[in-house]
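Engineer: Sequence plus the predicted model coming up.
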Amino acid sequence: MATNPKNEKANISSTNITKNYTLELTILTTLFFMWGFITCLNDILIPHLKAIFELTYFQVMLIQFTFFTAYAIVSLPAGILVEKIGYKSGIILGLLTAALGTALFYPAADYRSYGIFLFALFVLASGITLLQVAANPYVAILGNPETAPSRLNLSQAFNSLGTTIAPIFGSMLILSVTVLSADTIASMTIEEAEAYKIMEANAVQTPYLILTGMLVLIAILFSLFKLPKIDAATSTSGNDIASNDNNHKSAWQYKHLVLGAVAIFVYVGGEVAIGSFLVNYFNELLKMPEAEAGKYVALYWGGAMIGRFFGSITLSGMTNKKKKNIYSSLVFVLALVLALYITKEYQNISNISFSGFPKTATFLVLVGLNFIAFNLGNRKPGKTLAILAVFAAGLVIISMITFGQFAMWSILAVGLFNSIMFPTIFTLAIYGLGKHTGQGSGILCMAIVGGAIIPVIQGYFADTIGIHHAFFLPVLCYAYIAYYGFKGHVPSFNKTVKV
């Protein structure tokens, strides 16, 4: 394939296996970071808007419902659009649409309108949906198909970097503003009430205006870069398996894709449901202030980042043991730095004490457990996915039947095991789709609507049986993912494939 194709539509062939796409993948990584950051800010918006508008758990989960419903509505049209205009143009359009959504937060805060907030979230999510439909298969296609899970895991690790930073950023700028009751505001003078409302609005407006500028800037930069122009309609997902399976006239006819779409649905639903309730969960468990609890959410999403780095190492084709050990050690160092920063134990590192066991040490033990789980997977994406799902389900159950610190750390550790689920399910599901890859990507991204439905259902149960036991829903989600990893991902046209 030409290295600088201007008007040429290049099909992916065996040259992809040998060509180095490091620069292109580095550029694409910025997208994964941005949509991770933006998506995770919802976890900070939820307690903030819940307090402002005095909403129930069910009502406030409309934030996630609106955001992720966009995936159901926009994904399939986005897949068709990407096939027509190409991956690069789809990415630029997605960035500009997302920028429009973040800009709409300004009038939403000005008018104190929950409805405008929800509309802004829908527009924002529509842009991110288009980004996902274009970027996920693009990363999978650029290179050797055997290492596609590792490649997508590495890109998704930077998505998790965004989700890790977002709660810290949001806690400082949004949750740090104390939300007053309507009665308290009514007792203020007109000048005091007006000053408070301005401060409250700025808590949301400033972060999202910054995001608007960043999204527009990235869109401009993307328009200037000369990325490989791949025809989404004819790309072969890095292999020609599908060409030997002539009975499939639509992506919907691939059983492993459809089962994969269900896996994406329950994975995103379970992950988002857990993340959405953490601030309120920690407040109930430990009477932890919202601003502090918001920072601990960063360990949940940061765990996903740590796990994705482990995944990119263990699922890669790397055979040099010394290199793998060095990279794994660096991931442990990253985990140590993250935990020290979130727990603030670095401030008194010579005399760390927390109920007999340091918080940082607790997190590192859980990271070690995650590392063991990856090695049990033996470099097989399907097996690794199933093992991590079993661990995740077990941790949620432990959190449900315990209290205090034990329950808190058990639920936080789930992030470590969520890590590689999305990229691994995605690459297993589009395996061998050939010319149907674009449509398959749209179907998988449509399944992200699980993030809209499952949190709302969990919100209902949180209102009725309590937030502590409402987590039974993610347990069911992880049980299905374990099935998909063990058996459901195997393509019907090649039962002997080892993926």
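Structural biologist: Alright, I've got the coordinates.

Engineer: For the rest of this, base every contact and every neighbour count on C-alpha atoms.
Structural biologist: OK.

Engineer: Please enumerate the helices of the stretch 351-499 of the chain.
Structural biologist: Ranges of helices in the stretch 351-499 of the chain, per DSSP state H, counting those that start in this stretch, are 359-376, 381-401, 404-418, 421-429, 437-446, 450-464, 472-483.

Engineer: Return the distance of the third one from the chain's centre.
Structural biologist: Taking C-alpha atoms, centre = their mean, to the nearest Å, one finds helix 404-418 lying 17 Å from the centre of the chain it belongs to.

Engineer: hang on, the earlier thing: the helices of the stretch 351-499 of the chain: which one's closest to Leu154?
Structural biologist: Judged by C-alpha to C-alpha, the one of those that comes nearest to Leu154 is helix 421-429, at 9.2 Å.

Engineer: State the mean pLDDT of the closest one.
Structural biologist: Averaging pLDDT along helix 421-429 yields 89.

Engineer: which helices and strands does it pack with?
Structural biologist: helix 148-170, helix 255-286, helix 381-401 (3 or more C-alpha pairs under 8 Å, 6 or more residues apart in numbering; DSSP states H and E).

Engineer: What is the longest one packed up against?
Structural biologist: The reference is to helix 255-286. So helix 255-286, by 3+ C-alpha pairs under 8 Å, 6+ apart, packs with helix 42-53, helix 290-314, helix 404-418, helix 421-429, helix 437-446, helix 450-464, helix 472-483.

Engineer: now those helices as CSV including distance to Ala392 and mean neighbour count?
Structural biologist: Compiled in CSV, the helices and strands packed on helix 255-286 are given as follows (distance: least, C-alpha to C-alpha, whole Å; neighbours: other C-alpha atoms under 10 Å):
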stretch, distance to Ala392, mean neighbour count
helix 42-53, 20, 21
helix 290-314, 12, 27
helix 404-418, 5, 23
helix 421-429, 11, 26
helix 437-446, 22, 28
helix 450-464, 17, 23
helix 472-483, 7, 21
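
Engineer: Could you export those as JSON lines, including distance to Gly36?
Structural biologist: JSON lines is the format used below for the helices and strands packed on helix 255-286 (distance: least, C-alpha to C-alpha, whole Å):
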{"stretch": "helix 42-53", "distance to Gly36": "11"}
{"stretch": "helix 290-314", "distance to Gly36": "10"}
{"stretch": "helix 404-418", "distance to Gly36": "14"}
{"stretch": "helix 421-429", "distance to Gly36": "13"}
{"stretch": "helix 437-446", "distance to Gly36": "15"}
{"stretch": "helix 450-464", "distance to Gly36": "14"}
{"stretch": "helix 472-483", "distance to Gly36": "20"}
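
Engineer: Looking at these, which is nearest to Leu121?
Structural biologist: Of the helices and strands packed on helix 255-286, nearest to Leu121 by C-alpha to C-alpha is helix 42-53, at 9.1 Å.

Engineer: Provide the count of other residues in contact range of Thr402.
Structural biologist: Residues lying near Thr402 (other C-alpha atoms under 10 Å) number 13.

Engineer: measure it to Gly377 for me?
Structural biologist: 29 Å (C-alpha to C-alpha, to the nearest Å).

Engineer: likewise Leu428?
Structural biologist: Separation of Leu428 from Gly377 (C-alpha to C-alpha): 15 Å.

Engineer: next one: Gly170
Structural biologist: Distance, Gly170 to Gly377, by C-alpha to C-alpha: 35 Å.

Engineer: Between the two, which is the more surrounded one?
Structural biologist: A direct count of neighbours by other C-alpha under 10 Å for Gly170 and Gly377 places Gly170 higher, at 24 against 18.

Engineer: Give me the pLDDT value at the more buried one.
Structural biologist: 76.

Engineer: And the helices and strands packed on helix 421-429, which one averages the lowest pLDDT?
Structural biologist: helix 148-170 (a mean of 76).

Engineer: Dump the C-alpha coordinates for it into PDB.
Structural biologist: Extracted in PDB, the C-alpha atoms of helix 148-170 (Å, rounded to 0.1, in the frame of the first residue of the first chain):
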ATOM      1  CA  ALA A 148      -5.400  -6.600  16.700                       C
ATOM      2  CA  PRO A 149      -6.600  -7.200  20.300                       C
ATOM      3  CA  SER A 150      -3.300  -6.100  21.700                       C
ATOM      4  CA  ARG A 151      -3.300  -3.000  19.500                       C
ATOM      5  CA  LEU A 152      -6.800  -2.000  20.400                       C
ATOM      6  CA  ASN A 153      -6.100  -2.700  24.000                       C
ATOM      7  CA  LEU A 154      -3.100  -0.300  23.900                       C
ATOM      8  CA  SER A 155      -5.300   2.500  22.300                       C
ATOM      9  CA  GLN A 156      -8.000   1.800  24.800                       C
ATOM     10  CA  ALA A 157      -5.500   2.100  27.600                       C
ATOM     11  CA  PHE A 158      -5.200   5.800  26.700                       C
ATOM     12  CA  ASN A 159      -9.000   5.900  26.700                       C
ATOM     13  CA  SER A 160      -8.800   4.800  30.300                       C
ATOM     14  CA  LEU A 161      -6.200   7.500  31.000                       C
ATOM     15  CA  GLY A 162      -8.900   9.900  30.000                       C
ATOM     16  CA  THR A 163     -11.400   8.200  32.300                       C
ATOM     17  CA  THR A 164      -8.900   8.300  35.100                       C
ATOM     18  CA  ILE A 165      -8.100  12.000  34.900                       C
ATOM     19  CA  ALA A 166     -11.700  13.000  34.300                       C
ATOM     20  CA  PRO A 167     -13.000  12.300  37.900                       C
ATOM     21  CA  ILE A 168     -10.100  14.200  39.400                       C
ATOM     22  CA  PHE A 169     -10.600  17.100  37.000                       C
ATOM     23  CA  GLY A 170     -14.400  17.100  37.500                       C
END
